[in-house]
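Engineer: fold the following and give me the result.
(2 chains)
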Amino acid sequence: MEIKNIKKEFPIFTQKINGKSLVYLDSANSSQKPKVVIDRISNFYETEYSNVGRSVHSLAVKATNRFEATRDLVKKYMNAAHREEIIFTKGATESINLVASTYGKKHINKGDEILITELEHHSNYVPWHFLRSEKGAVIKFASVNENGDVEIDEIKKLISNKTKIIAITHISNVTGAVLPIKQIVDLAKEKNIPVLIDGTQGAPHSYIDMQNIGCDFYAVSCHKMYGPNGLGILYAKKKWLDDLPPYQGGGGMINEVKKDDITFAESPAKFEAGTTQTAEVVSFAESINFIEKLGIKNIASHENEVLEYGFETLRKNNSINIIGNPRNRGSVLCFTLKDIHPHDIATILDDDGVAIRAGHHCCQILHEKLGLPATARASIGVYNDKDDIDKLSEAIKKCQKVFQG
Amino acid sequence: MELKELYQEIILDHGKNPRNKGKCEGYTNDAKAHNPLCGDKVHIFLKLNNEKLVEDLSFEGEGCAISLASASILTELTKGKDLSFIKKISDDFLSMIKNKSKITLNSLTEDQVTTITSLSGVQEFPMRVKCATMAWHTLLSAVEKK
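Structural biologist: Purely as a prediction, here's the structure:
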């Protein structure tokens, strides 16, 4: 299995879109799935399916073992210190909501400050807004500069003795800026402030080593890592597992239930109420194996090469304005085209089989700052190559032609 | 569905040079809407006189060619008409987009039918339907405000 032939591993690329080969440039939205992952899902349902962690029959034991083996694999992949630090959720959004809700309930009070950035996706702003409206907390936004970066000094100057948590993205899904998360964590540690990293865009493109980064929480979206939909991961450092109250109530998360009192299970069960995603978790092991076979560093360097080529290619078109020029750009190229709205670009590109996204990408705060209602976004995955960029560039030219009449 | 059926000359023209853009003077009714998925915005202003006639009508907004063209075409077709016409043409337009039905209003000229029908191509693009319909829903809520 080699990166240059990797499209072959993804069945989606065998079909034609509007009679053209699919040029999929929407991986920041969701990645396509390799055959090994798709096969694992159907194979699990066909031969091994059962609910996990409850029954004692053979299928249940087997399914539970597969499920927990994935937890071990993720623990190793993220270099977490303990397996109970890996909590399965329904997505990165739920991972962040879990922390905002439980940490907020216990540790955030009126006037306390939550520090985020102007780059954040709505999923790393709205959950904190709930604490603002329910508890009277204050949300502070670290400014993004003209390059689309958030400088560490911007974070530094907003930290006060009321700062109760810092919640920042690893990689911006609009400007592509890779934030200096390790430095931010180091800075926060000096002040004893916990840090949550929204790794939705970071995890598919970087080596996420929890010991090296040192953050308290890291949220992962599995469907952006060549994995199944409806699955996310929350890494939560051990010190928080007993400290935080449970998130949702239901089956599987209890220890003992009486009419006058309830005691709760320990993590991860404590945070995984109800029947969890089963085939999704089991098949995510294949996503990790897929990434590890190629090597995340090789994937990242291939993607960066394609991204750099994309940047250079689009820059040659005078009508294209590329959004942001961050110090380190990760996997996304956002742009606008003179006099043509991003939605029209996306529809016209689709006619050539080129799939991009248009809109505010769930970052209205950032788009307001940029003074743009919407942008077009091409985002890179392991299966993209320079040929895809050439097709993107040609399709953009066709789009200009349509509008010139 | 050919792309050029969606981006017809009429739509591109109205998208590039939207008619009746701005806030009309002395408006009596207005309503606005936005599409939270994409950020498109529209704000419709209309001036009703005592005979329930739309003396003036305009819009402000930002969005794609389809949404601007739809709002622009709407203002052209409804200016100077009465409320019952506005309800009929809006219903006609919305059911054309939703059910692929034909425009039934017989008081329209052939040119006007061609213009309004130019937007029927969005039926084939479900993600773009709201771009075309938002202005018309907004017009109806502006009318219903008084």
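Engineer: now the one helix or strand residue A:74 maps to, how far from the chain's geometric center?
Structural biologist: Using DSSP states H and E, residue A:74 falls within helix A:58-77. Computed by CA atoms, centre = their mean, to the nearest Å, the chain-centroid distance of helix A:58-77 equals 22 Å.
Engineer: so what touches that helix?
Structural biologist: Identification of contacts with helix A:58-77 by CB atoms under 8 Å, 6 or more residues apart in numbering or on different chains yields A:44, A:48-54, A:80, A:82-83, A:85-86, A:88, A:208, A:233, A:268, A:276, A:278, A:281-282, A:284-285, A:288-289, A:291-292. To be clear about C-beta, it is placed using only N, CA and C from the backbone, and glycine gets the same treatment.
Engineer: residue 68: neighbouring residues, count only.
Structural biologist: Since you didn't name a chain, this refers to chain A. Residue A:68 has 15 neighbours, counted by other CB atoms under 10 Å in any protein chain shown.
Engineer: nope, chain B
Structural biologist: Using other CB under 10 Å, the number of residues around residue B:68 comes to 26.
Engineer: that one contacts residue B:15, doesn't it?
Structural biologist: Yes. Checked against CB atoms under 8 Å, the pair residue B:68 and residue B:15 is within contact range at 4.8 Å.
Engineer: what's the very next helix or strand once past the helix holding residue A:74 packed up against?
Structural biologist: Under the assignment DSSP H and E, the closest C-terminal helix or strand after helix A:58-77 is strand A:86-89. Packing partners of strand A:86-89 (3 or more CB pairs under 8 Å, 6 or more residues apart in numbering or on different chains; DSSP states H and E): helix A:58-77, helix A:92-107, strand A:232-236.
Engineer: could you look up the SS state of the nearest residue in space to residue B:117 that is not next to it in sequence?
Structural biologist: Among residues not flanking residue B:117 along the chain, residue B:103 sits closest, at 6.3 Å (CB to CB, 6 or more residues apart in numbering or on different chains). Put simply, residue B:103 is coil when judged by DSSP: H, G, I helix; E, B strand; the rest coil.
Engineer: residue A:263 belongs to a strand, doesn't it?
Structural biologist: Yes. Residue A:263: assigned to a strand according to three-state DSSP.
Engineer: contact partners for it?
Structural biologist: Contacts were defined as CB under 8 Å, 6+ apart; by that measure residue A:263 touches A:254, A:255, A:256.
Engineer: hey, what's the last one bridged with?
Structural biologist: The bridge-partner assignment for residue A:256, based on DSSP bridges, gives residue A:263.
Engineer: in stretch A:377-391, what counts as buried?
Structural biologist: Buried residues in stretch A:377-391, defined by neighbour count with 16 or more other CB atoms under 10 Å in any protein chain shown: A:377, A:378, A:379, A:380, A:381, A:382, A:383, A:384, A:385, A:388, A:389, A:391.
Engineer: now do stretch A:115-135
Structural biologist: Buried residues in stretch A:115-135 (16+ other CB under 10 Å): A:115-121, A:123-125, A:127-128, A:131-132.
Engineer: now do the helices in the stretch 201-350 of chain A.
Structural biologist: Assigned by DSSP state H, counting those that start in this stretch, the stretch 201-350 of chain A shows helices spanning A:210-213, A:238-243, A:279-294, A:296-315, A:342-350.
Engineer: sorry, slip of the keys, the one I care about is chain B.
Structural biologist: For chain B, the helices defined by DSSP state H occupy B:3-6, B:9-16, B:65-78, B:83-99, B:110-117, B:129-144.
Engineer: out of the ones you listed, deepest packed?
Structural biologist: Most buried of the helices of chain B, by mean neighbour count (mean count of other CB atoms under 10 Å in any protein chain shown): helix B:65-78, with a mean of 26.
Engineer: just checking, what packs against it?
Structural biologist: Counting by 3+ CB pairs under 8 Å, 6+ apart, the packing neighbours recorded for helix B:65-78 are helix A:342-350, helix B:9-16, strand B:41-48, strand B:54-62, helix B:83-99, helix B:110-117, helix B:129-144.
Engineer: on the pLDDT front, check the closest residue to chain B within the stretch 151-300 of chain A for me.
Structural biologist: Among the residues of the stretch 151-300 of chain A, residue A:174 lies closest to chain B, at 12.9 Å counting by CB to the nearest CB. At residue A:174, the pLDDT value in this model is 96.
Engineer: now, the buried residues of stretch A:377-391 that are in helices?
Structural biologist: Going by DSSP H, the helices hold A:388, A:389, A:391 from those.
Engineer: okay if I get the residues you listed as TSV plus distance to chain B and pLDDT?
Structural biologist: Shown next, in TSV, are those (distance: CB to the nearest CB, whole Å; pLDDT from 0 to 100):
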residue	distance to chain B	pLDDT
A:388	20	98
A:389	22	98
A:391	16	98
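Engineer: now the residues you listed as a markdown table including distance to residue A:95?
Structural biologist: Shown next, in a markdown table, are these (distance: CB to CB, whole Å):
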| residue | distance to residue A:95 |
| --- | --- |
| A:388 | 31 |
| A:389 | 32 |
| A:391 | 35 |
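Engineer: now residue A:346, nearest residue through space, not along the chain?
Structural biologist: What sits nearest to residue A:346 in space, not counting adjacent residues and going by CB to CB, 6+ apart, is residue A:358, at 3.9 Å.
Engineer: how about the one you found, secondary structure?
Structural biologist: The local conformation at residue A:358, judged by three-state DSSP, is strand.
Engineer: give me the pLDDT value at the residue of the stretch 101-250 of chain A found nearest chain B.
Structural biologist: For the stretch 101-250 of chain A, the residue closest to chain B is residue A:122, as judged by CB to the nearest CB, at 10.2 Å. Predicted confidence (pLDDT) for residue A:122: 97.
Engineer: chain center to stretch A:371-379, what's the gap?
Structural biologist: Using CA atoms, centre = their mean, the offset of stretch A:371-379 from its chain centre is 18 Å.
Engineer: please see if it touches chain B.
Structural biologist: Yes. Contact of stretch A:371-379 with chain B is found when judged by CB under 8 Å from any CB of the partner chain, involving A:373, A:374.
Engineer: who's in contact with the residue nearest to residue B:117?
Structural biologist: Counting by CB under 8 Å, 6+ apart, residue B:103 makes contact with B:92, B:93, B:96, B:113, B:116, B:117.
Engineer: let's see 7 Å
Structural biologist: For residue B:103, the contacting residues are B:92, B:96, B:113, B:116, B:117, by CB atoms under 7 Å, 6 or more residues apart in numbering or on different chains.
Engineer: in the stretch 1-150 of chain A, what residue is nearest chain B?
Structural biologist: residue A:18 (8.6 Å).
Engineer: wait, doesn't that residue sit right on residue A:354?
Structural biologist: No. Using CB atoms under 7 Å as the test, residue A:18 is too far from residue A:354 to be in contact (9.7 Å).
Engineer: the more surrounded of these two?
Structural biologist: Between residue A:18 and residue A:354, counted using other CB under 10 Å, residue A:354 has the larger neighbour count: 29 against 12.
Engineer: show me where pLDDT drops low in the stretch 201-350 of chain A?
Structural biologist: In the prediction, the stretch 201-350 of chain A carries no residues with pLDDT under 70.
Engineer: and for chain B?
Structural biologist: Along chain B, the parts satisfying pLDDT under 70 run over B:1, B:146.
Engineer: residue A:40 - that's part of a strand, no?
Structural biologist: No. Assigned with three-state DSSP, residue A:40 falls outside any strand and is helix.
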